[in-house]
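Chemist: give me coordinates for this.
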Amino acid sequence: MFEHLDAVFLARVQFAFTVSFHFIFPAFSIGLASYLMVLEGLWLKTGRGVYANLYRYWLKIFAVGFGMGVVSGIVLSYQFGTNWSEFSHKAGPIIGPLMGYEVITAFFLEAGFLGVMLFGITKVGKRLHFFATCMVALGTFISAFWILSVNSWMQTPAGFALNEAGQFIVESSWWDVIFNPSFPYRLTHTVIAAYLTTAFAVGGVGAWHLLKDRANIGARKMFSMAMWMAVIVTPIQIVVGDFHGLNTLEHQPVKVLAMEGDFDPSPNGAPLVLFGVPDVDAATVRYALAIPKLGSLILKHDPNAPLPGLKDFPREEWPPVAAIFWSFRIMVAIGFAMLALGIWALVARYRKRLFASRALHRTAVFMGPAGFVAVIAGWITTEVGRQPYTVYGLMKTAESASPLDAPAVAVSLIAFIVVYSAIFGMGIYYLLRLMASPPHRGETEPPNVPTYAAGITPASSLEAPASHHSGGADGTS
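Modeler: Numbering: from 1, shown residues only. This is a model prediction of the structure:
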């Protein structure tokens, strides 16, 4: 039944499917852990119960998402051995230690403090509990640090040598391996993407509840914080993305040319192809809508700067052009849509309409999942754009696969699709159910929080009349 299919292609599809499921959860956990840290810090600083209630609200969601991220990621390490044994053998001396560092730093840190964070709020003092939250947030960042170092080394390998067995080994120092040429850009771009993904998810949930109850102070607070993130952080992400693109052009020019749809060289300045239909066989973009010289202005900061084309490189070096041409445009379009929503919210805030504009709230609900779509589109752009290599320029994907038959890979792929769809489908449904329940309407702290632990006087100093903070339709809360 599967004999005519290519085993390497099926192995790639299997890894893409599982890592796509996995990627959305760490992207959410990284941002949400930092958001929880901010909420608890504001709670300690101000004593306002709204921050305590929001912390409790999002902590349950974080716990479920974190658990799903851990479970969905375990299978990836097994695939290195089952489907990509040649890659594991040759790149293992570098990849293995880096993955090990992630376990002994980030995972141990998260595991050590996660229990205190989830269950210790009534058992330990507020400041100690806040420290646990900070450590979990730090752990998620350290995890991203090591995983992205691994991925960046595969994109821009550095600091290595080949031994007699054809294995990649460290040549000079681990510093050159870890801080390879693309790592700082990829780390910054990905972590900011995680923060924006969380911000728009939080903003979408807040907007959903504002549509039902405009006076809900918890919904107002989370929506306001999310929109500040949108208007401040999205422009930073666009600038970081520009620097990341320049770095990619330097080290992986074929990827960038495929992203841009530049088949022909442009000696007098390349156009920016906004839309079109890439035709790889004819080496052209049909029905192209392009702006002259803007491509060179973006990529070289000079409208007349020459740029090569895909035709300057052998066809066997080309990645799947159509896939990354469209995934890149989806990512960029979502980025500018995020910026537009942030500006809209800023104008509404200035006009005292942040919590009154139902059109803004409906748009924010629609944009709630946008960050997840953007990170998957960005991942496709990065990883598919690396083809036909696993270690860019040095080890091809076809040379990395295990000697497996197509039917064996196909059966395991089907099993993954069925199991992941069932288990994680139910998990996502449960997350949505948690998000659909409204946050606490008032300022009062949860009754089982030991207020004495932080040296804050109980009850009266933390309780404020709900009408004082939730009345009106202004944008000041």
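
Chemist: now do stretch 254-263: everything it contacts.
Modeler: By CB atoms under 8 Å, 6 or more residues apart in numbering, the residues outside stretch 254-263 that reach it are 245, 248-249, 270, 272-273, 276, 278, 283-285, 288, 295, 299, 307-311, 313, 317-321, 324-325, 328, 381, 385-386. (Each C-beta comes from the backbone N, C-alpha and C, glycine too.)

Chemist: those in strands, which ones?
Modeler: Secondary structure from DSSP state E places 272-273, 276, 278, 284-285, 288 of the contacts of stretch 254-263 in strands.

Chemist: for H22, state which of those residues is nearest.
Modeler: P278 (28.7 Å; CB to CB).

Chemist: list the residues that contact that closest one.
Modeler: Taking CB under 8 Å, 6+ apart as the test, what P278 contacts is 261, 284-286, 321-322, 325.

Chemist: out of the contacts of stretch 254-263, which end up buried?
Modeler: 245, 248-249, 270, 272-273, 276, 278, 285, 295, 299, 307-310, 318-319, 321, 324-325, 328, 381, 385-386 (16 or more other CB atoms under 10 Å).

Chemist: now find how far off-centre stretch 60-67 is within its chain.
Modeler: Centroid separation between stretch 60-67 and its chain, computed with CA atoms, centre = their mean, to the nearest Å, is 16 Å.

Chemist: what do you get for stretch 68-85?
Modeler: The answer for stretch 68-85 is 19 Å, by CA atoms, centre = their mean.

Chemist: can you list contacts of it?
Modeler: Around stretch 68-85, the neighbours that count as contacts under CB under 8 Å, 6+ apart are 11, 14-15, 18-19, 21-22, 25-26, 28-29, 87-88, 99, 390, 400-402, 404, 409, 412, 416, 420, 423-424, 427.

Chemist: can you give me the strands in the chain?
Modeler: 160-162, 168-170, 272-279, 284-291, 389-391, 395-396.

Chemist: nearest to A364, of the ones you listed?
Modeler: strand 272-279 (26.2 Å).

Chemist: alpha carbons of that closest one, as PDB, please.
Modeler: Written as PDB, here are the backbone C-alpha positions of strand 272-279 (Å, rounded to 0.1, in the frame of the first residue of the first chain):
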ATOM      1  CA  LEU A 272       9.600  43.000  -3.700                       C
ATOM      2  CA  VAL A 273       7.100  40.400  -4.800                       C
ATOM      3  CA  LEU A 274       4.000  40.900  -2.700                       C
ATOM      4  CA  PHE A 275       1.900  38.100  -4.100                       C
ATOM      5  CA  GLY A 276       2.000  35.700  -6.900                       C
ATOM      6  CA  VAL A 277       2.100  32.000  -7.800                       C
ATOM      7  CA  PRO A 278       5.600  30.400  -7.800                       C
ATOM      8  CA  ASP A 279       6.100  28.100 -10.800                       C
END
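
Chemist: from the contacts of stretch 68-85, keep the buried residues only.
Modeler: Counted by 16+ other CB under 10 Å, the contacts of stretch 68-85 give 11, 14-15, 18-19, 21-22, 25-26, 28-29, 87-88, 99, 390, 400-402, 404, 409, 412, 416, 420, 424, 427 as buried.

Chemist: which ones among those lie within helices?
Modeler: Within the buried ones among the contacts of stretch 68-85, membership in helices is found for 11, 14-15, 18-19, 21-22, 25-26, 28-29, 87-88, 99, 400, 409, 412, 416, 420, 424, 427, as judged by DSSP state H.

Chemist: circling back to that earlier point, would you turn the ones in strands among the contacts of stretch 254-263 into a markdown table with pLDDT and distance to V254?
Modeler: Formatted as a markdown table, the ones in strands among the contacts of stretch 254-263 follow (pLDDT from 0 to 100; distance: CB to CB, whole Å):
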| residue | pLDDT | distance to V254 |
| --- | --- | --- |
| L272 | 91 | 18 |
| V273 | 90 | 16 |
| G276 | 91 | 19 |
| P278 | 91 | 14 |
| T284 | 90 | 17 |
| V285 | 90 | 16 |
| A288 | 87 | 19 |
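
Chemist: which residue packs closest to I417, ignoring adjacent ones?
Modeler: Distance criterion CB to CB, 6 or more residues apart in numbering; nearest residue to I417, sequence neighbours excluded, is F17 at 6.6 Å.

Chemist: scratch that, A16 is what I was asking about
Modeler: Closest to A16 by CB to CB, 6+ apart is E383, at 7.7 Å.

Chemist: count of residues packed around that neighbour?
Modeler: Around E383 sit 20 other residues, with neighbours defined as other CB atoms under 10 Å.

Chemist: all further residue positions should be reported with the first residue as 20.
Modeler: New numbering, starting at 20: the last item is E402.

Chemist: please report how far it lies from L453.
Modeler: When distance is defined by CB to CB, to the nearest Å, E402 is 31 Å away from L453.

Chemist: would you check how far apart the residue nearest to S376 when sequence neighbours are not counted and A289 are?
Modeler: Closest residue to S376 apart from its sequence neighbours, by CB to CB, 6+ apart: A367 at 5.1 Å. Here A367 is placed at a distance of 39 Å from A289 (CB to CB).

Chemist: ok, V135 next?
Modeler: For V135, the distance to A289 - CB to CB - is 54 Å.

Chemist: and G111, by the same measure?
Modeler: 40 Å.

Chemist: now do Q271: how many residues are near it, please.
Modeler: The burial count for Q271: 22, using other CB under 10 Å.

Chemist: does it really touch P176, like I thought?
Modeler: No - here Q271 lies out of contact with P176, judged by CB atoms under 8 Å, at a distance of 11.4 Å.

Chemist: can you list residues touching both of the two?
Modeler: By CB under 8 Å, 6+ apart, the residues touching both Q271 and P176 are Y411.

Chemist: report pLDDT for H459.
Modeler: What the model reports as pLDDT for H459 is 79.

Chemist: my guess is it meets Y76, correct?
Modeler: Yes - the pair H459 / Y76 is scored as a contact, 7.4 Å apart, by CB under 8 Å.

Chemist: now list whatever residues contact both of the two.
Modeler: With CB under 8 Å, 6+ apart, H459 and Y76 have common neighbours G237.

Chemist: tell me how far V403 lies from Q271.
Modeler: With distances taken as CB to CB, V403 is found 12 Å from Q271.

Chemist: no wait, Q186
Modeler: From Q186 to Q271 the distance is 23 Å (CB to CB).

Chemist: could you give the mean pLDDT of stretch 113-125?
Modeler: On average, stretch 113-125 scores 90.
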